[in-house]
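A.B. asks: the following comprises the amino acid sequence and a computationally predicted model.
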Amino acid sequence: MKYYKITEHTYKGLKAYEDASFPKKCAKCGAEYANLDVFLKQTIPIHGDASGLFDAYNGQSPFVQLYRNCPCKSTLMVLCHDRRNRSQDGEDQRKLFQQMLSEHINSIASINTDEELNEAIGKFREQFYKKNPKQK
């Protein structure tokens with residue numbers, strides 16, 4: 001399973017299904033989290049600096065599962081809305097991303113170190129923003 005590192009953008013725009021998710025109460029220790037902001041501030045990532053975000057689909061629409069650990073070490077999950085831009089611009093951006101990824105897949109496969117990977121991601125990001133400046 002691939003974990004994605006937490007950055008300053010990781011939880012930006014994330015919205016929980018408030019009626020189904022909050023208040024969230026830990027069954028093990030009884031800690032209670034009133035809303036998503038409190039939940040993110042008072043819980044711990046499940047794996048070091050991994051985001052804990054996982055895509056899911058319920059047969060009707062996509063959503064996101066957010067897993068975090070309560071300080072007592074119990075794992076909690078919150079259901080969140082999918083943040084994808086479903087407009088034509090969003091579709092165009094995903095299409096461009098997939099096209100660029102296909103073009104770069106061979107160079108990505110030959111990467112051996114974290115440093116090479118970070119450099120390749122930086123170059124990829126720079127090229128994407130040059131082709132798609134409104135995404136920046």
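C.D. replies: Cool, the structure landed.
A.B. asks: from Lys130, how far out is the residue nearest the centre of the chain?
C.D. replies: In the chain, the centroid-proximal residue (Cα atoms, centre = their mean) is Leu53; its distance is 4.8 Å. Using Cβ to Cβ, to the nearest Å, Leu53 is found at 27 Å from Lys130. No exception for glycine: its C-beta is placed from N, CA and C like everyone else's.
A.B. asks: would you mind naming the residues that bridge with the residue nearest to the centre of the chain?
C.D. replies: Leu66 (DSSP bridges).
A.B. asks: so it is in contact with Thr10, correct?
C.D. replies: Yes. Using Cβ atoms under 8 Å, Leu53 is in contact with Thr10, at 7.3 Å.
A.B. asks: what helix or strand is Leu96 on?
C.D. replies: Using DSSP states H and E, the element containing Leu96 is helix 88-109.
A.B. asks: mind listing what's buried in stretch 22-38?
C.D. replies: 22, 24, 26, 31, 33, 36 (16 or more other Cβ atoms under 10 Å).
A.B. asks: that one spans what distance, first to last residue?
C.D. replies: 10 Å (Cα to Cα, to the nearest Å).
A.B. asks: got a list of contacts for it?
C.D. replies: For stretch 22-38, contacts defined as Cβ atoms under 8 Å, 6 or more residues apart in numbering pick out 14-16, 18, 21, 39, 42-43, 70-74, 76, 78, 80.
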